[in-house]
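**Student:** model this:
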Amino acid sequence: PRSTLFPYTTLFRSGAGHQAIGRLVMRSTASLRLHPEIAKLGLGPTNERILELEKHGNAIFEQPHIITQDNVIIDGHARWRIASQQKRETLLCFEIQLSQQEALQRILETHSRTDWLHPISRVELARTLRTGYRDLARANQSAGGKNKASSNLTKDQRVDSRAKLAAIARVSTGRFTNAE
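**Tutor:** Below is the predicted model:
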């Protein structure tokens, strides 16, 4: 069962359909950082969430933070802020290998129900993933055109980048479009 303190720590096992291969490591608190897109938008956990976690004392540091090989925090943002305020030198982390784009996608999947990542913020973050999905859609269109014979036309397998990004942001396609 998931703990109410750490509802996302199962992420490294099989969260959101992913099998993450990683390792437990100790990292200096100062070396950990927000994803650049989250930092650019000034997003972070609410003061209420930080206060809620602080009530639990050292128990909040028993679960590892989920980070990338580049020390980008996937899960544990509020606990990292608390550790920084308390001037803790190191934190237990579970490190997984992800690109910046994969890391952002994982953050969106992990934090779709948290207070600090509202739907509009999720749409803003998902927009930054658009280039990769547009490239996929173009490649699919190109492949579809190359593989068609004049007498044996096949249906295109459509890649709707807007629908995929809306799904990642956990909003409807209409809401995603309207937020643009």
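
**Student:** so the closest residue to R106 other than its chain neighbours, which of the three states?
**Tutor:** Spatial nearest neighbour of R106, excluding adjacent residues (CB to CB, 6 or more residues apart in numbering): I74 at 5.3 Å. For every residue, glycine as well, the C-beta is placed using N, CA and C. Recorded secondary structure, I74: strand (DSSP: H, G, I helix; E, B strand; the rest coil).

**Student:** for T68, phi and psi?
**Tutor:** phi -90, psi 170 (degrees, to the nearest 10).

**Student:** What's the local residue count around it?
**Tutor:** Neighbour count for T68, taken as other CB atoms under 10 Å: 21.

**Student:** mind listing what it touches?
**Tutor:** 74, 95-98, 103 (CB atoms under 8 Å, 6 or more residues apart in numbering).

**Student:** and those residues as CSV, adding neighbour count and distance to P36?
**Tutor:** What follows is those, written out as CSV (neighbours: other CB atoms under 10 Å; distance: CB to CB, whole Å):
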residue, neighbour count, distance to P36
I74, 28, 14
E95, 21, 18
I96, 20, 18
Q97, 13, 18
L98, 22, 14
A103, 24, 10
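
**Student:** and the residues you listed, which of them are in strands?
**Tutor:** 74, 95-96 (DSSP state E).

**Student:** Closest one of those to R130?
**Tutor:** I74 (20.6 Å; CB to CB).

**Student:** just checking, the closest one touches Q97?
**Tutor:** No. Contact criterion CB atoms under 8 Å: I74 and Q97 do not qualify, at 11.7 Å.

**Student:** Surely I96 and G22 touch.
**Tutor:** Yes. Between I96 and G22 a contact is recorded at 3.8 Å, counting by CB under 8 Å.

**Student:** quick revisit: going by distance to L108, which of the ones in strands among the contacts of T68 wins?
**Tutor:** Out of the ones in strands among the contacts of T68, the member with the shortest distance to L108 (by CB to CB) is I74, at 10.3 Å.

**Student:** what separates G44 from G76, distance-wise?
**Tutor:** 12 Å (CB to CB, to the nearest Å).
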